[in-house]
Structure formats: C-alpha cells, structure tokens
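Visitor: Please find the sequence and the predicted model below.
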Amino acid sequence: MCAVQVRSQLNWETKCRRWQLLLSVLILLPLALQRVDVACGIDIDWPLVTPTAWPDATIDECHDDYLLASANASSIFALSYELCELTANETKIDLDINEQMERTRIEMGRTALCGNMELCSALDDDLEYLACIRDSGSRNLQLITEINHNATSAHTRLREDYNVVQQTMVLCTLEAQVVYVNSMREAHEELQQCRIELAEHETPN
C-alpha cells in the first residue's frame, strides 16, 4: 500500500513538472536567445528572433505542415520527459524501500537498547539497579555503536544514490530539450523555405 501511494504521488508530481518545464522551454529560451543576439551582435537563425515573425498570423499552404511538425516535436518532448521521470521515480521507489529497511534495522537496535534500560529502571533496589546497568552496559555500548554505524552508512549511501538519480534525471531532460529545440528549428527552416518557394511560384514573370 505504501509503495502504491508513493507511486501515485510521484506520478502527479511528474505531470506537474513536465508541463512546467515545457512552458519554461517555450517562454524562456527565445528570450535568452534574443539577449545573445543583442549582446553579441550576431544573427541567430531562430524563429522568435529572426525578422520573419513566428507563423501565427500568416496562414498559407505551408502552415499546416509547420503545425504538424510543431505538434510532433511537442509530443515527442512530452513523452521523452515523462520517460525520464518514470525511470527516476521507479528508482526513487526502490530507494524509499531501502530507507524503510534501514530505519527498521536501526529501530530494532533502539528498542533493544531502551528495553535493557527499562529492565534496570524497574528495579527498586539501588544496588540491583547499578549492577543491572553495569552488566548491560557492554551490550548497550555495542548497540549504540551499531546504531551510529548503520545510520551514518545508510545516510551517506542513500544521499549518494539520490544525487545519482537527480543527475541522471537532469541529463535525460536536457537531452529531450535539445531534441525539441532542434526539431522546432528544423520545422521553422522548412517553413521559411516553403514560403520562399511559394512566393517565387506566385511571382509573375
């Protein structure tokens, strides 16, 4: 049941982050390219910074092909991003299970330690209490050492594992963004070429 709840929560977070990232790519990237164009004094062949306007006002024979290419690029990006997060989430579920196992082992040690102390605390005679603490002291020290070792080891290992998952996720989504941007640039170039050919065809000799 716990794994199902975790999976459901991660799937919801996946959908939210996927659309947030898609909007970021669509909105922020053109603005960044415009800044590069102005600062460097170069002409970047990009749909939103070239003299030709983004094809939202001109409807011609080339427009439908462009819309189809744009839709395909967006669909591929969404699926790629979802696959990246699905892989990351599956790994996180495994790590969550490992966390629970490590915590259970630590809790077993804590329970044994507290149980030894409680047995001694139940003794009314002070000498018997002191003797009990003395006799259980060696075992309690061993338990404390084990608890500290298990907690430190698990925390270090799991933190590294989560970092690897995050790094893999970032690289995967970056690759998806590169594919999307290249696809949109190619679609725009094909649109411009199509319109050039269309204009030449319509121009009277």
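Guide: It's in.

Visitor: Please count neighbours and contacts with C-alpha atoms only from this point.
Guide: OK.

Visitor: and residue 140, how many residues sit next to it?
Guide: Neighbour count of residue 140, defined by other C-alpha atoms under 10 Å: 21.

Visitor: Might one say that it is in contact with residue 115?
Guide: No: Residue 140 sits out of contact with residue 115 when judged by C-alpha atoms under 8 Å, with a separation of 10.0 Å.

Visitor: Which neighbouring elements make contact with the host helix or strand of residue 98?
Guide: Secondary-structure element containing residue 98, defined by DSSP states H and E: helix 63-121. With contacts defined as 3 or more C-alpha pairs under 8 Å, 6 or more residues apart in numbering; DSSP states H and E, the secondary structure elements packing on helix 63-121 are helix 2-40, helix 126-202.

Visitor: what about 6 Å?
Guide: Using 3 or more C-alpha pairs under 6 Å, 6 or more residues apart in numbering; DSSP states H and E as the contact definition, the elements that helix 63-121 packs against are helix 126-202.

Visitor: And the helix it packs on, what does it pack against?
Guide: Checking 3+ C-alpha pairs under 6 Å, 6+ apart, helix 126-202 ends up next to helix 63-121.

Visitor: do that again at 10 Å, thanks
Guide: Secondary-structure packing of helix 126-202 (3 or more C-alpha pairs under 10 Å, 6 or more residues apart in numbering; DSSP states H and E): helix 2-40, helix 63-121.

Visitor: looking at those helices, which one has the lowest mean pLDDT?
Guide: The weakest mean pLDDT among those belongs to helix 2-40, with a mean of 51.

Visitor: joint contacts of residue 140 and residue 115?
Guide: Common contacts of residue 140 and residue 115 (C-alpha atoms under 10 Å, 6 or more residues apart in numbering): residue 109.

Visitor: which ones are touching residue 134?
Guide: When contacts are counted by C-alpha under 10 Å, 6+ apart, residue 134 touches 120, 128, 140.

Visitor: just checking, the last one touches residue 112?
Guide: Yes: here residue 140 reaches residue 112: they are 8.4 Å apart, a contact under C-alpha atoms under 10 Å.

Visitor: Cross-check the contact I'm expecting between residue 70 and residue 190.
Guide: No: contact status for residue 70 versus residue 190: not in contact, 11.6 Å apart, counting by C-alpha under 10 Å.

Visitor: Which residues are in contact with each of the two?
Guide: Common contacts of residue 70 and residue 190, defined by C-alpha under 10 Å, 6+ apart, comprise residue 184.

Visitor: These two - which one has more neighbours?
Guide: When residue 70 is set against residue 190 and neighbours are counted by other C-alpha under 10 Å, the residue ahead is residue 70, at 19 against 16.

Visitor: quick one: the closest residue in space to that one that isn't next to it in sequence and residue 190, what's the gap?
Guide: Here the nearest residue to residue 70 in space, its sequence neighbours aside, is residue 184; by C-alpha to C-alpha, 6 or more residues apart in numbering that works out to 6.3 Å. Using C-alpha to C-alpha, to the nearest Å, we find residue 184 at a distance of 10 Å from residue 190.

Visitor: host element of residue 124?
Guide: Residue 124 belongs to no helix or strand when assigned by DSSP H and E.

Visitor: What number of neighbouring residues does it come out with?
Guide: Applying other C-alpha under 10 Å, we find 9 other residues in the vicinity of residue 124.

Visitor: Done for today, thanks.
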